[in-house]
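J.: Next come a sequence and a model predicted from it.
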Amino acid sequence: MTPRALGRTGLSVTPLCVGTGELGDMTSVYGYAVPEEQALAMVRSAFAGPFTFVDTSNGYGAGTSERRIGAVVRELGGVPDGVLLATKVDPVDGGPFDGPRVRASFEESLANLGVDRIRLLHLHDPERITFAEATAPGGPVEVMQQLVAEGLVDHIGVAGGPIDLLRRFVATGAFEVVLTHNRWTLLDRSAEPLLAECAAAGVAVLNGAPFGGGLLVKGPAAQPKYAYGPAREPVLTAAAAMERACAERDVPLAAAALQYSLREPRITSTVVGMSRPERLEQTIQLATHPIPDELWTVLADLTPAEEN
């Protein structure tokens with residue numbers, strides 16, 4: 001868990017980041033509930049290490065994830081030294097995602113988390129509005145920059161799905177960090193141009209959902225979904241072949257999926273969602289499981305073709 005520089009921010013983080021979407025208790029997304037005490041135990045363990053990076057959002061369970069983290073922050077008397085706690089601004093369901101909403105979301109995060117400033121704040125899923133709306137005078141991006149100018153936020157990033165849209169945000173020069181999800185996995189490498197452009201610009205890349213929502217942990221027979229929806233047949237076929245190739249070499253499919261992200265030098269940190277304290281040790285085991293070099297060649301050859 002040797003820390004890596006977070007782009008040009010001056011911060012350093014571990015190559016694994018604790019994702020807390022599950023702590024929002026969003027049963028419709030994850031298919032299971034996370035009770036309060038389990039969530040609090042998870043946060044306590046996350047803050048105890050060995051990872052120094054925790055990611056959340058105002059939109060996870062309408063603030064539930066943040067509030068649970070905040071309960072532990074207050075219990076400990078603050079975010080532990082050396083831990084970077086990042087969050088994201090979100091609209092209220094069905095409401096506007098404009099400049100005033102960004103500031104309101106930020107203020108809600110301060111209250112939820114029990115902090116007086118945010119060190120890393122992401123614009124979350126900007127595909128919910130147009131690029132023009134996001135970058136308009138007085139819009140979300142300008143308000144986030146104002147928060148930095150006011151000393152309330154240290155660094156800003158953008159977190160979302162569509163790669164071409166994230167590239168447009170990176171090209172503005174406003175953001176120091178970008179978080180992509182489900183686009184750099186054993187099954188989808190469409191984030192390549194984003195990684196290349198961020199590396200050239202000194203923008204840190206965080207890679208979320210390295211398991212594709214569970215398909216690359218449980219296998220396609222048990223989890224036929226990828227990136228929150230039904231997986232395409234070529235994806236299921238490729239995943240099954242990858243699962244067999246890994247099994248033949250006594251490598252868990254999940255270990256290959258996680259290490260595929262960790263071994264990419266253009267990715268600063270990989271975000272792994274965790275809902276139980278034991279997931280920390282399990283994730284370390286996956287991250288350190290021996291993988292023969294030739295398996296990477298086999299897996300690369302099995303990657304499904306991208307859709308046009």
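T.: Okay, I see it.

J.: where along the protein do the helices fall?
T.: 27-30, 36-48, 64-76, 99-113, 131-135, 140-149, 163-171, 192-201, 215-218, 233-247, 253-262, 278-288, 293-302 (DSSP state H).

J.: Output those in TSV, with mean pLDDT, distance to Val13 and mean neighbour count appended to each entry.
T.: Any C-beta I mention is one placed from the backbone N, CA and C, and that applies to glycine too. Shown next, in TSV, are these (pLDDT from 0 to 100; distance: least, CB to CB, whole Å; neighbours: other CB atoms under 10 Å):
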stretch	mean pLDDT	distance to Val13	mean neighbour count
helix 27-30	82	25	12
helix 36-48	98	13	18
helix 64-76	98	17	21
helix 99-113	98	18	19
helix 131-135	98	26	16
helix 140-149	98	19	19
helix 163-171	98	19	18
helix 192-201	98	15	16
helix 215-218	96	23	22
helix 233-247	97	28	18
helix 253-262	98	13	22
helix 278-288	97	15	16
helix 293-302	98	25	13
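
J.: Would you mind telling me which of these is nearest Leu16?
T.: Proximity to Leu16 (CB to CB) singles out helix 278-288 among the helices of the chain, at 6.4 Å.

J.: The closest residue to Phe47 other than its chain neighbours and Thr268, how far apart?
T.: In space, and not counting its chain neighbours, Phe47 is closest to Pro80: 5.0 Å by CB to CB, 6 or more residues apart in numbering. Separation of Pro80 from Thr268 (CB to CB, to the nearest Å) stands at 20 Å.

J.: between these two, which one's more packed in?
T.: Thr268 (26 against 16; other CB atoms under 10 Å).

J.: measure the residue nearest to the more buried one when sequence neighbours are not counted to Ala5 for me?
T.: Residue nearest to Thr268 in three dimensions, not counting chain neighbours: Ala204, with 4.4 Å by CB to CB, 6+ apart. From Ala204 across to Ala5, the span is 8 Å (CB to CB).

J.: overlap in contacts of these two?
T.: Thr268 (CB atoms under 8 Å, 6 or more residues apart in numbering).

J.: out of those two, which sits in the busier spot?
T.: When neighbours are counted by other CB under 10 Å, Ala204 and Ala5 differ, and Ala204 comes out ahead with 26 against 13.

J.: ok, back up a step: quick one, phi/psi of the residue nearest to Phe47?
T.: Torsion angles at Pro80 (phi, psi; degrees, to the nearest 10) stand at phi -60, psi 150.

J.: how far away is it from Glu22?
T.: 21 Å.

J.: Any idea what the nearest residue to Val13 once chain neighbours are set aside is bridged to?
T.: For Val13, ignoring the flanking residues on the chain, the nearest one in space by CB to CB, 6+ apart is Phe53 at 4.1 Å. Going by DSSP bridges, Phe53 is paired in beta bridges with Leu84.

J.: Could you count how many residues lie near Phe53?
T.: 27.

J.: Likewise for Pro290?
T.: Every residue meeting other CB under 10 Å relative to Pro290 is counted, giving 9.

J.: OK, contacts around the closest residue to it other than its chain neighbours?
T.: Once flanking residues are discounted, Pro290 sits nearest to Val251: 7.8 Å by CB to CB, 6+ apart. Val251 is in contact with 289-292, 295, counting by CB under 8 Å, 6+ apart.

J.: Please read off the pLDDT at Val251 from the model.
T.: Model confidence at Val251, given as pLDDT, is 98.

J.: wait, what's in contact with the spatially most central residue of the chain?
T.: When CA atoms, centre = their mean is applied to the chain, the residue found nearest the centroid is Gly208 (3.5 Å). By CB under 8 Å, 6+ apart, the contact list for Gly208 reads 19, 55, 159, 179-182, 270-271.

J.: how close does it get to Pro252?
T.: Per CB to CB, Gly208 is found 20 Å from Pro252.

J.: Check Thr172 too.
T.: Noted for Thr172: a distance of 40 Å to Pro252, by CB to CB.

J.: The two: which has the busier surroundings?
T.: Pro252 (17 against 12).

J.: For Gly229, list each beta-bridge partner.
T.: Bridge pairing for Gly229 - DSSP bridges - gives Tyr226.

J.: Run a quick neighbour tally on it.
T.: Gly229 has 8 nearby residues by other CB under 10 Å.

J.: what about it, distance to Thr64?
T.: As judged by CB to CB, Gly229 and Thr64 stand 23 Å apart.

J.: Then Gly7?
T.: 30 Å.

J.: ok, now Glu248?
T.: For Glu248 relative to Thr64 (CB to CB), the value is 42 Å.
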